[in-house]
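Q: following is a predicted model, sequence given first.
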Amino acid sequence: MLSPSYPQRAPWGTAGKLRAWQQEALDIYFAQPDRRDFLVAATPGAGKTTFALTLANELRHRGEVDRIIVVCPTEHLKTQWADAAARVSIRLDPEFKNSHWQPARHYHGVVVTYAQVAMKPEVHRELTKSARTLVILDEVHHGGDALSWGDGIREAYTPAVRRLSLSGTPFRSDEAPIPFVEYAPDAQGLRTSITDYSYGYGRALADGVVRPVLFHVYSGHMTWRTKAGDELEAHLGQDNTKDITSQAWRTALDPNGDWMPAVLRSADKRLTEIRHHVPDAGGLVIATDQTNARAYAKILHEITGQRPTVVLSDEAEASSRIEQFSANTTRWMVAVRMVSEGVDVPRLAVGVYATSSSTPLFFAQAIGRFVRARRRGEAASVFLPNIPVLMALATEMERQRDHVLDRGEKDEDGLDDALLEAAERGDKASDALTQEFEFQSLGSVAHFDSVVFEGQQFGQLAEPGTDEELEFIGLPGLLEPEHVHELLMQRQSRQSKHREAREARTQSTGEETTLPAPLHRTLKEQRQLLNSLVGVYARQSGEPHGAIHAWLRKTCGGPAVAQATVAQLQKRIDTLRRRVHS
């Protein structure tokens, strides 16, 4: 039921029926007529924009506000907000500049960015004061990103008669309060943000507002050389130190290795399966930096025969490329930063998380690009490296976290978000950071690990391109959420039965020699043997491991250890054995 303070009619100027959560949030808002600030946290894809514009329309219709100002994170989103507002008869100017001072008379308001406000907050303060103004702060956590941004929006929008703050992600836990957000002590005495209305992923999934997300997890063997010349190796998903995990992750994301091409091929197979049922389904690779983004696009071109759309954050045409990709039916887009937050491309169905960012904020925004539901039965697939912090985030998608002050220290995941942020900014800080962790990727091999759905893991280790992997990436493109779990259980049971039968055959008389061990196990054993021999020879000769591996490659031919075939590895083993025993 609508509250008595809210008119018993469809809000003025809205298009179509509101979702239940949107109506519920409006009821709560208008039940507090004297409330100046209101914070709504709703999962990406839930319809925050529609809610905000419906609220703005109602306030205008009641004569409580004369002007609407939307503040958003990026230039691309300015146009997106203006287009959405036009559909409900609100005219917003996305081209408003700091030099304008006032919008043209034919506009109801403006759309600006947080950075724009921070540059000249006095301009935006005068704009706010010159009319009764509603300010919509989209993804308000950006108010805590930098001191200048927080100070800027506080100075500019303190005079507003109404302020609506929106967020679709967990807030950061830090010491920077977000302007216009209310805080209160929690049980531990820490100041915690108060959300006026929250609509999480779990409820949105049950309501059919968002799609279920399947995480296709890939592990693999990584080899790299440190600045000191030591050759190290690790397996993604094993119990490694933070430094080893970070460097193994970066090795996996190296486009020159085998891990990324294998994962991209598997992701494209998944996209093909979905496109059998959803012909316009698209895929998105989220890259760490521009160099990798271009390299991934080249790999996808070789796999698909179709050039992907490449979106780089510092290019003028980035926004138009996103719009074109959203409207067409091409297969893949590769992007840095531009689609990590707020960009609406509803046809995205497959993602590859090929970035080194590990914060809950970035992860939630990235996954949010794939959850928007268009019709029942669509599911999203995101391909992840088997990194502990990402696995934890994938299994806790429904967890909500408020913005906590006074914690005294940042959340620690031990990984390299600073590298990502510096690379995206394109500043010189990235050079210094890269030098600190300087290493040379030598090779990488990918293995399918499992599928994570609703916090549970399904499946066992399998080689990319095999029927065992296809069991899990070949799931139907249209699948009701309640059937996903059941189907994954069936696939896991079938995989286990096949393996048990195969192992039983290998133990029977005469069959053991006809069923060789899986290739990945043979390769792993050979690498371990080779590395052991290199260690023995290094102690005998005093030469570093890296120099011995380089000599073996020169003598025997072939690629780096992680990319070498069984025959190439065996040739190096035989060569080194002769040296060790001579």
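A: Yes, it's here.

Q: confirm L284 sits in a helix?
A: No: counting by DSSP: H, G, I helix; E, B strand; the rest coil, L284 is not part of a helix but strand.

Q: so the nearest residue to Q440 once chain neighbours are set aside, which of the three states?
A: Excluding the flanking residues, the one nearest Q440 by CB to CB, 6 or more residues apart in numbering is R225, at 4.4 Å. Quick note: C-beta positions are derived from backbone N, CA and C, even for glycine. Three-state assignment for R225 (three-state DSSP): strand.

Q: dig out what R225 forms beta bridges with.
A: In this structure, R225 bridges to E231, Q440 when assessed by DSSP bridges.

Q: that one: neighbour count?
A: 19 (other CB atoms under 10 Å).

Q: before we move on, what about M391?
A: Neighbour tally, M391, other CB under 10 Å: 19.

Q: contacting residues around it?
A: M391 makes contacts with V217, L384, V452, as judged by CB atoms under 8 Å, 6 or more residues apart in numbering.

Q: that one should be in a helix, yeah?
A: Yes: applying three-state DSSP, one finds M391 inside a helix.

Q: next one: it from D280, what distance?
A: Going from M391 to D280 by CB to CB, to the nearest Å gives 31 Å.

Q: R191 now?
A: In terms of CB to CB, R191 sits 46 Å off from D280.

Q: if we ignore the residues flanking it in sequence, what's nearest K269?
A: In space, K269 is closest to I473, 5.6 Å off (CB to CB, 6+ apart).

Q: quick one, what contacts the one you found?
A: With contact set as CB under 8 Å, 6+ apart, I473 has these partners: H216, S266, K269, R270, E273, S381, F448.

Q: domain map for the chain?
A: Domains of the chain are assigned by automatic domain parsing as 20-206, 213-401+413-504, 519-581.

Q: could the ones you listed be laid out in JSON lines, adding mean pLDDT?
A: Listed next are the domains of the chain as JSON lines, based on pLDDT from 0 to 100:
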{"stretch": "domain 20-206", "mean pLDDT": "89"}
{"stretch": "domain 213-401+413-504", "mean pLDDT": "81"}
{"stretch": "domain 519-581", "mean pLDDT": "82"}
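
Q: ok, G168 - contacts?
A: A41, A42, T43, P44, A46, K48, E139, G342, A364, Q365, G368.

Q: next up, the contacts around the residue lying closest to E468 once chain neighbours are set aside.
A: Leaving aside its chain neighbours, E468 sits nearest to A462 (3.7 Å; criterion: CB to CB, 6+ apart). Contacts here follow CB under 8 Å, 6+ apart; on that basis A462 touches H447, F448, E468, E469, F472, Q495.

Q: would you mind measuring from A462 to V445?
A: 13 Å.

Q: next: L190.
A: 44 Å.

Q: of the two, who's got more company?
A: V445 (24 against 16).

Q: show me which of R191 and D280 is the more surrounded one.
A: R191 (18 against 13).

Q: how much space between that one and L164?
A: For R191, the distance to L164 - CB to CB - is 22 Å.

Q: and if you look at R105?
A: 24 Å.

Q: quick one, which of these two is more surrounded?
A: L164 (26 against 5).

Q: how about the contacts made by that one?
A: L164 neighbours (CB under 8 Å, 6+ apart): F38, V40, A52, L55, A56, L134, V135, I136, L137.

Q: and the nearest residue to the last one once chain neighbours are set aside, what element?
A: What that stands for is L137. Using CB to CB, 6+ apart and skipping the chain neighbours, the partner closest in space to L137 is S165 (4.6 Å). Using DSSP states H and E, S165 sits in strand 162-167.

Q: next SSE after that strand?
A: By DSSP H and E, the next helix or strand past strand 162-167 is strand 183-185.

Q: what packs against that next one?
A: Where contact means 3 or more CB pairs under 8 Å, 6 or more residues apart in numbering; DSSP states H and E, strand 183-185 is packed against strand 191-193.

Q: count the neighbours of P360 for me.
A: 20.

Q: next: the one 4 residues further on.
A: A count of nearby residues for A364, using other CB under 10 Å, gives 21.

Q: when you give positions from now on, start the count at 19
A: Noted, 19 is the first residue going forward, which turns the last one into A382.

Q: enumerate the positions of stretch 131-148 that are buried.
A: Using 16 or more other CB atoms under 10 Å as the test for burial, stretch 131-148 gives 131-136, 138-139, 141-143, 145-146.

Q: identify the residue nearest the geometric centre of the chain.
A: Among the residues of the chain, the one closest to the centroid is A384, at 2.7 Å (CA atoms, centre = their mean).

Q: residues in contact with stretch 334-346?
A: Residues contacting stretch 334-346 (CB under 8 Å, 6+ apart): 93-94, 97, 300, 327-330, 351, 353, 356-357, 361-365.

Q: which among those end up buried?
A: Members of the contacts of stretch 334-346 classed as buried by 16+ other CB under 10 Å are 93-94, 97, 300, 327-330, 351, 353, 356-357, 361-363, 365.

Q: from those residues, which is closest to W167?
A: E93 (15.3 Å; CB to CB).

Q: gap between that closest one and Q508?
A: E93 is 47 Å from Q508, by CB to CB.

Q: ok, now I340?
A: Taking CB to CB, one finds I340 at 38 Å from Q508.

Q: same thing with H538?
A: 25 Å.

Q: which one's more surrounded, those two?
A: Under the criterion of other CB under 10 Å, the comparison of H538 against Q508 puts H538 first, with 18 against 12.

Q: quick one: what helix or strand has that one in it?
A: Per DSSP H and E: helix 537-559 holds H538.

Q: the strands in the stretch 219-368 of the chain, which residues?
A: 231-244, 249-254, 300-305, 327-329, 350-353, 366-372 (DSSP state E, counting those that start in this stretch).

Q: among the contacts of A480, which two are most distant?
A: H465 and Q513 (14.0 Å).

Q: who's more crowded, the two?
A: H465 (23 against 19).

Q: what's the angle from the helix or strand encompassing the more buried one to helix 537-559?
A: Secondary structure assignment for H465, by DSSP H and E: strand 457-471. Here strand 457-471 runs at an angle of 150 degrees relative to helix 537-559 (axes from the mean of the first three to the mean of the last three CA atoms, to 10 degrees).

Q: strand 457-471 vs strand 231-244, what angle?
A: 160 degrees.

Q: and strand 457-471 with strand 249-254, angle?
A: Using the same axes, to 10 degrees: strand 457-471 against strand 249-254 is 10 degrees.

Q: how far does whatever helix or strand comes next after strand 457-471 sit from the chain's center?
A: Sequence-wise, the next helix or strand downstream of strand 457-471 (DSSP H and E) is strand 474-476. When distances are taken as CA atoms, centre = their mean, to the nearest Å, strand 474-476 is centred 20 Å away from the chain's centroid.

Q: what's next to strand 474-476, contact-wise?
A: V235, T413, S468, V469, V470, F490, H503, L506, M507, R509, Q510.
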